[in-house]
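>>> Any chance you can model this:
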Amino acid sequence: MRRFRWVLLALAVAVVGAGSLVLRSPRLQDAIVARTAARRIGRDMSGLLAPDALRVLLCGTSSPIPSPRRAEACTAVFAGGRMWIVDTGPGSWRTLALRRIRGEAIGAVFYTHLHSDHIGELGEFNLQTWVAGRPGPLRVYGPDGVTELVHGFAEAYAAD
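Numbering: from 1, shown residues only. You can find the predicted model right below:
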């Protein structure tokens, strides 16, 4: 029985050692990254941005109390080949990014009111849609105070 344990241990060490050597191979690493990227990025979301499409995606439905599965207030409306965002609560950009929504398709952001659970992700929406190729400044509309809000986020993200 002792000999069996030693053989089993030696086999386990050999498998782990071989696995670590194989995973150090640049060719194998590239293949793993390519496969993972294709799986994560490869989903076709073009139907949402069709010129005649009218779709609504709830990209944030949580209250201000943190939720591990839901972002805070955000609704994406897909119409006329563009994406129109209503509120940008914390975590909402990640929700859209995980669904492979093209950031450059954003038309504008609209705010219902300026509570933190509705505005917290404005900086990420501005930055990420710009990186994705948004032509021109992000248009933001909302109640009194929205201009100061936009300037504040622009100042906070100025280093980016």
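
>>> CA atoms for contacts and neighbours, from now on please.
Will do.

>>> which residues of the chain fall in helices?
2-23, 26-41, 92-98, 116-119, 122-131, 146-156 (DSSP state H).

>>> From the ones you listed, pick the one with the highest average neighbour count.
Neighbour counts averaged per stretch over these are highest for helix 116-119, at a mean of 21; criterion: mean count of other CA atoms under 10 Å.

>>> what is the rounded mean pLDDT of that helix?
For helix 116-119, the per-residue pLDDT values average out at 96.

>>> Show me which helix or strand of the protein is least confident by mean pLDDT.
helix 26-41 (a mean of 69; mean pLDDT, DSSP states H and E).

>>> Is there a neighbour count for Ile65? I'd like the number.
7 (other CA atoms under 10 Å).

>>> Likewise for Arg99?
Neighbour number of Arg99 under other CA under 10 Å is 14.

>>> show me what contacts it?
Met45 (CA atoms under 8 Å, 6 or more residues apart in numbering).

>>> Looking at it now. What's its pLDDT?
So Arg99 comes in at 85 (pLDDT).
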